[in-house]
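Visitor: Predicted model follows, preceded by the sequence.
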Protein chains: 2
Amino acid sequence: MPTYSDNGPDPSEQDTNLPPPEQHARQYAAVRDAHETELIEDYVELIGDLLDHAGEARATDIAARMGVRQATVARMIRRLNDQGLVTNEPYRSIFLTERGRAMAEESRKRHGVVLQFLRSLGVDDATARIDAEGMEHHVSETTLGIMHAFTRSQNKAGD
Amino acid sequence: MPTYSDNGPDPSEQDTNLPPPEQHARQYAAVRDAHETELIEDYVELIGDLLDHAGEARATDIAARMGVRQATVARMIRRLNDQGLVTNEPYRSIFLTERGRAMAEESRKRHGVVLQFLRSLGVDDATARIDAEGMEHHVSETTLGIMHAFTRSQNKAGD
DNA sequence: AAACTTTTTTAGCCAAGGCTAAACTGTGCA
DNA sequence: TGCACAGTTTAGCCTTGGCTAAAAAAGTTT
């Protein structure tokens, strides 16, 4: 178990001051907001991937890849439909609306940037995939841009 | 709105293959697991910070900093108590148990590493704080170690 | 000491996202 | 053609984590 206390400047020794209460609250609010959209985005992204890769997105496959039951997927699909992100007729495959496609594309891109960034930092593939899945929804546009630039510079340097 | 499609190797162009279903499911399961402990850790970390910084952790302050109502805090405190992370007598300040202190310390360290890493990447302070808050629970030990090393090397280079 | 204010707690509502069980639809094969 | 099985949907349960409203305790002020 690493302790990060060997020597040199220690990044875990941040300035010990707490942010002012309102700013602090905004930080947590941002996390809560992210959580609300997170799962929606994951479903939409996965449906997009399945459509691209397998030609269709069936509830069974979504359930298997999400690691949840089909009943859970069915209800989520209804919610996505309510929000105008997918179209679905009973017992048929699921398709993305224009908005759904846009969200899937956005999500896929964001996911890709984070994943490649982690890899270019030197994180092994399996770990990078897990971390990217969790991190992707919490990375701001600003940070995403910086990650993208970093990855590109690393790749260039690696040539 | 950045498109990440200017030129050069594009990190968003990841290999298009989906992971095998079981691995994919494990990734999502990891995210769900993280979500379960996330809020607990945030509360414990905040309580630890308040104890260190203000000498006591009162429900009002926790509520203000979390950006939620006191009723929400009260119920969460009971849950933390049930899990053996805090001790509290009615109408008194809250304290951490040994386990709670360990979790707070762990969390604080992790948070610090991620925050400093983002800063040393060049992310502005306000953004780094928000992103760190969300990312911290989704960063594996492996990645955390790499972030820590990166930050130290950057700081050294910056001298 | 009594009254008022603040803090804490409790009770109860709601939505989200898991689950199981059971009903229903569609498909493929005898 | 009809039947069995796989896939899908619905119904209903549970926990979590927000909320408001109201009760109870603590603290403060006159």
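Guide: Received the coordinates, thanks.

Visitor: list the contacts for A:I77?
Guide: Shown in contact with A:I77 (Cβ atoms under 8 Å, 6 or more residues apart in numbering or on different chains): A:43, A:59, A:86, A:88, A:94. Yep, even glycine has a C-beta here, placed from its N, CA and C like the rest.

Visitor: cutoff 10 Å now
Guide: By Cβ atoms under 10 Å, 6 or more residues apart in numbering or on different chains, the contact list for A:I77 reads A:43, A:47, A:57, A:59, A:62, A:85-86, A:88, A:94.

Visitor: Now tabulate those in TSV and tack on secondary structure.
Guide: Formatted as TSV, the contacts of A:I77 follow (DSSP: H, G, I helix; E, B strand; the rest coil):
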residue	secondary structure
A:Y43	helix
A:I47	helix
A:A57	coil
A:A59	helix
A:I62	helix
A:L85	coil
A:V86	strand
A:N88	strand
A:I94	strand
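
Visitor: farthest-separated two in those?
Guide: A:A59 and A:L85 (15.5 Å; Cβ to Cβ).

Visitor: of the two, who's got more company?
Guide: A:L85 (23 against 18; other Cβ atoms under 10 Å in any protein chain shown).

Visitor: ok, back up a step: which of the contacts of A:I77 tops the neighbour count?
Guide: Most surrounded of those: other Cβ under 10 Å gives A:I47, at 27 neighbours.

Visitor: residues contacting the one residue sitting closest to the centre of chain A?
Guide: Chain A has A:E136 as the residue nearest its centroid, 3.4 Å off, counting by Cα atoms, centre = their mean. Shown in contact with A:E136 (Cβ under 10 Å, 6+ apart): A:34, A:38, A:41-42, A:45, A:107-115, A:144, B:31, B:135, B:138.

Visitor: Okay, buried residues for the helix or strand that contains A:L80 please.
Guide: Taking DSSP states H and E as the criterion, A:L80 maps to helix A:70-82. Burial within helix A:70-82, assessed by neighbour count using 16 or more other Cβ atoms under 10 Å in any protein chain shown, is assigned to A:73, A:76-77, A:80.
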